[in-house]
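1. give me a model of this one.
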Amino acid sequence: MRKKIFVTKQGGIGDVILATPILSELKKQYPDSYITLMIFSNAYDIVKGLPFIDEIFIYNKKKDGFLKLWNKMRGYDIAIYLDLSYRPALAGALARIPIRIGVSHKRGFWLTKEIPWQSYMDHTYEPYVMGDIVNAGLGLNISHEALNRLYIASATEFDKKDLAKKLNDSGVKMGGRYIVSSPITAFYLKNWPLDNWNELFKKIYHNYGLKNVIFGKEKLDYQWDEKAVIDLCGMLSLRQLGELVRNADLLVNSCSMPIHLSAATGTPCVVLYGYTDPCRWAPRMHCKIVKSDLPCSPCDGYHGSKCTDPLCMKRLSVEEVYKSCQEILSNDF
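-> Predicted structure coming up:
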């Protein structure tokens, strides 16, 4: 009988991308299964069309009633909670899903298989942690190696043509060489000073002739170097971002969603770390890490951080970030 598997991963776009190898491996383990992924609407375009996801279910508890969620979860054989949400666990129990797996947290009563959060999980690559949860809950043996590759949906032909036009209008032909960065993250403790980014971009342009294409949710109130930087902030769709990263020589970024795009596309990356732990969040392949040596870094864990001033990021110098970029770029020249 065909198994129906309901997987929840509500969170940021990067969080959803990190869960994609779990879904891919579940489909391999249960090739005849029907897999539904429950996410927020923010990540829809980045996973729509992936062959191992049969259905995407968008749920917003502020807009959608509990009855909608309960009704949706009825008839499933397995529920796997890859986030810490309470409501899906309750709905799955009331829907009488026979197997319900997740980190216990405050919803342990509604699970049939509680996986306690362990200290190693704070310092282990996130897909590996999710894999360990699934393995423990279902008795599988998904290897860590199988979880190194992440997945994103491909850009449409329209997306590609529109991106090519925007790049061409800015002086970079599609197929030409460039690097990419998203200088600002959604959380201030991860951010490197904009003056440092600008100096880095100028240094790379001066020595390699490569422009940096920057992207983000909206335009920044900052005067970038006109020769070194192409500003496409607020101009690209999610799938275009994936395509932009896929064709870049290098991504330089702090720890946020774009580094998971690089892991999914195979683009080399240099990632700046302070607040977050590279052991937990950094891509496993083609990645150079620049991190702070402060004893309090990293401070992002299961219980959060009380830091208010990211000295760990401010102490990272332009020269040490440039050196890591140079190691990757020089191999290509």
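2. what is the burial count for residue 41?
-> 11 (other Cβ atoms under 10 Å). (Glycine included, C-beta is placed from N, CA and C.)
3. equivalent analysis for residue 175, please.
-> Neighbour count for residue 175, taken as other Cβ under 10 Å: 8.
4. state the distance from the nearest residue to it once chain neighbours are set aside to residue 287.
-> Leaving out its chain neighbours, the residue that sits closest to residue 175 by Cβ to Cβ, 6 or more residues apart in numbering is residue 247, at 7.4 Å. Applying Cβ to Cβ, to the nearest Å, the value for residue 247 to residue 287 is 18 Å.
5. before we move on, what about residue 123?
-> Counting by Cβ to Cβ, the gap from residue 123 to residue 287 is 17 Å.
6. when those two are compared, which one has more neighbours?
-> Remark: of residue 123 and residue 287, residue 287 carries more neighbours, 18 against 13, as counted by other Cβ under 10 Å.
7. how near is the nearest residue to that one once chain neighbours are set aside to residue 182?
-> Closest residue to residue 287 apart from its sequence neighbours, by Cβ to Cβ, 6+ apart: residue 269 at 5.1 Å. Shown here: residue 269 relative to residue 182, a distance of 11 Å by Cβ to Cβ.
8. what about the residue lying closest to residue 265 once chain neighbours are set aside, how many residues nearby?
-> Using Cβ to Cβ, 6+ apart and skipping residues adjacent in sequence, the residue nearest residue 265 is residue 246, 3.9 Å away. Neighbour count for residue 246, taken as other Cβ under 10 Å: 17.
9. got the contact list for residue 246?
-> Going by Cβ atoms under 8 Å, 6 or more residues apart in numbering, residue 246 touches 265, 266, 267.
10. what is the nearest of the residues you listed to residue 228?
-> Among the contacts of residue 246, residue 267 lies closest to residue 228 (Cβ to Cβ), at 19.5 Å.
11. what pLDDT is listed against that closest one?
-> As predicted, residue 267 sits at a pLDDT of 97.
12. what's the distance between it and residue 150?
-> 12 Å.
13. and what of residue 27?
-> For residue 27, the distance to residue 150 (Cβ to Cβ) stands at 15 Å.
14. re the thing from before, ok, the residue nearest to residue 175 touching residue 177?
-> No - using Cβ atoms under 8 Å, residue 247 makes no contact with residue 177, being 9.2 Å away.
15. comparing the two, which residue is more hemmed in?
-> Set side by side, residue 247 and residue 177 show more neighbours around residue 247, with 20 against 17, by other Cβ under 10 Å.
16. all strands of the chain, in order?
-> With DSSP state E, the ranges of strands along the chain come out as 4-8, 34-39, 55-58, 78-81, 99-103, 113-115, 179-181, 212-214, 229-231, 250-254, 269-273, 287-291.
17. state the mean pLDDT of the lengthiest helix in the chain.
-> Under DSSP state H, the helix in the chain containing the largest number of residues is helix 13-29. Taken as a whole, helix 13-29 has a mean pLDDT of 98.
18. so that helix versus strand 4-8, what angle?
-> Angle, helix 13-29 to strand 4-8, by axes from the mean of the first three to the mean of the last three Cα atoms, to 10 degrees: 160 degrees.
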